[in-house]
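Asks: I'd like to go over a predicted model; first the sequence, then the structure.
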Amino acid sequence: MRPILAGQPVRAGLVALALLLSAGCTSHSADAPPPTIEPAQAAVSPPVTVTPTGEIRQLPGRAEAAVFDPATATLAVLSPAPEGRSTLSLVTGNRPVRDVALAPAATALAPDGHGAILAATRGGYVRVDIATAKADKIEVDGAADTVFTAIALRADGRPVLGSSDGALYTLGDDHTVSVRLKIFARVDSLVTQGNTAVVLDRGQTSVTAVNPDGTKAAQALRAGEGATTMAADARGRVLVADTRGDELLVFGTDPLIMRQRYPVPAAPYGLAGSAQLAWVSQTAANTVIGYDLSTGIPVEKVRYRTVQQPNSLAYDDKTDTLYVVSGSGAGVQVIHDAAGRR
């Protein structure tokens, strides 16, 4: 069975969605590409008119992704570079920013929890040692021409990668493919909770939980009207920004179920999960909001003005530091004591 499909128009009713689900289970649809919609995108942010909270650190280029590595207290920011390359900027405390050149261009990031950043790319992924700023390319067996668009690590340490042609690769070790599951239009984002991988497909605006064996979709759900980004938190939740529908969606993964759905206007896009708050950026308003999810409905606790185009968020639970990374070249905003817990 295919993941839940998104047809036209975007605001399809429940009856239409049920018909799509029924069609997805027939043998006739098994070899057909899944129907898709035009993927949603972040809003083009207006100029900043209010001084952003915290301090601003300048970075090269227009950031495309950012992750925080707690083992080294380092923020890693991915930006495009000329000639089909990327730049990975490593920000550790007040030390000078260290830039690592990646070739070919990388598309997504994940910390490995042991002092390295993994970056998905064509043919495999790059492991960047944060201490030495050294990058090593790891080729995935039989995937030399595959464009990998998403990457995550399971609790057992096995990498999972998603591709632009809609396949999920669960690796048996650093480079050997254990299972390849091709049921998506495209794998745009990956997170894990334990050994369960969750896939976000923007074209189908769906989230899909894959069984720990990596062999089939355990559950799949429609994710609003135009889901764009996804993040996991320390409490086992998966956060999804429905940018087109102006909502924050909160899923549980055992089984996959939508537990909370809350309106967030102004094109929500950037996400970061934490033990205390869920962080969501509003790209049409240059704002970031911290929501408490513990009561069963998101409750706004803090709100900050941000740099222009706050497309990427990362959070350091240990020091209560929120990083807001600009997609327009305005650098990274560092907000200390962001949740106000001290």
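Replies: Sure, I can see it. Numbering: from 1, shown residues only.

Asks: give me every residue that touches residue 92.
Replies: Residue 92 makes contacts with 72-75, 98, 130, as judged by CB atoms under 8 Å, 6 or more residues apart in numbering. (Glycine included, C-beta is placed from N, CA and C.)

Asks: now residue 141
Replies: Contacts of residue 141 (CB under 8 Å, 6+ apart): 175-177.

Asks: which one of those has the most neighbours?
Replies: residue 177 (17 neighbours; other CB atoms under 10 Å).

Asks: And that one, what's its pLDDT?
Replies: Note for residue 177: predicted pLDDT of 98.

Asks: Could you do residue 5 as well?
Replies: 38.

Asks: Kindly report the same for residue 296.
Replies: At residue 296, pLDDT is 86.

Asks: Run through the bridge partners of the nearest residue to residue 164 once chain neighbours are set aside.
Replies: Nearest residue to residue 164, sequence neighbours excluded (CB to CB, 6 or more residues apart in numbering): residue 147, at 4.3 Å. With DSSP bridges as the criterion, residue 147 is bridged to residue 122.

Asks: Just the element for the residue lying closest to residue 250 once chain neighbours are set aside, please.
Replies: Ranked by CB to CB, 6+ apart and with sequence neighbours excluded, the top spatial neighbour of residue 250 is residue 260, at 3.8 Å. Following DSSP states H and E, the helix or strand that holds residue 260 is strand 256-263.

Asks: buried sites along that strand?
Replies: 256, 258, 260-262 (16 or more other CB atoms under 10 Å).

Asks: Dump the residues you listed into CSV; add distance to residue 88 as well.
Replies: Shown next, in CSV, are the buried residues of strand 256-263 (distance: CB to CB, whole Å):
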residue, distance to residue 88
256, 32
258, 34
260, 33
261, 35
262, 33
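
Asks: can you tell me which of those lies nearest to residue 124?
Replies: residue 256 (28.3 Å; CB to CB).

Asks: shouldn't that closest one be in contact with residue 223?
Replies: No. If you go by CB atoms under 8 Å, residue 256 and residue 223 don't touch, sitting 10.5 Å apart.

Asks: Please enumerate the shared neighbours of these two.
Replies: Joint contacts of residue 256 and residue 223 (CB under 8 Å, 6+ apart) are residue 207.

Asks: And residue 41, what's its pLDDT?
Replies: 97.

Asks: now it: how far from residue 213?
Replies: 34 Å (CB to CB, to the nearest Å).

Asks: what about these two, which has more around it?
Replies: residue 41 (15 against 12).

Asks: Phi first, then psi, for residue 317.
Replies: Dihedral pair for residue 317: phi -60, psi -40, per degrees, to the nearest 10.
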